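In: one predicted model, sequence on top.
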Amino acid sequence: GAESPGAKPHPDPYIVAMERLGLRPEHTVVLEDSPSGIQAARAAGIAVVGLTTGQPGEKLLKAGASHTRQDYVGVLSLIAHGT
């Protein structure tokens, strides 16, 4: 967006956000529902869980998501139980 030099799929939005929050990529996880957002996060070195709210899981995995889930409840299950 306007806060970073490049828009997704460039990693700039995620890099700027991590810098402002004092985070490192290895301590960050992104929840994304678009291939360009997944590509941006991966280019910034961040792990990504793809949300299948608008795209099929296969497309999100192909873009670089390590896992996919239908919703935030599924993400919580992944965090809590690894499934």
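Out: Thanks, I have it. The structure presented is a predicted model; accordingly, all values stated were derived computationally and were not measured.
In: CA atoms for contacts and neighbours, from now on please.
Out: Fine.
In: let me know the helix or strand that V48 is in.
Out: For V48, the enclosing helix or strand under DSSP states H and E is strand 47-51.
In: who does that strand pair up with?
Out: Using DSSP bridges, strand 47-51 pairs in its sheet with strand 29-32 (parallel), strand 67-69 (parallel).
In: tell me who's in contact with the closest residue to P25 other than its chain neighbours.
Out: Counting by Cα to Cα, 6 or more residues apart in numbering, P25 lies nearest to I46, which is 4.9 Å off, once chain neighbours are set aside. Going by Cα atoms under 8 Å, 6 or more residues apart in numbering, I46 touches P25, E26, T28, V29, V30.
In: so how far is T52 from the nearest residue to the second one once chain neighbours are set aside?
Out: The shortest distance from E26 to any residue other than its chain neighbours is 6.5 Å, reached at I46 (Cα to Cα, 6+ apart). Separation of I46 from T52 (Cα to Cα, to the nearest Å): 19 Å.
In: so which residues make contact with the strand holding V48?
Out: Residues outside strand 47-51 that contact it (Cα under 8 Å, 6+ apart): 25-26, 28-34, 38, 41-42, 57, 60-61, 64-71, 75.
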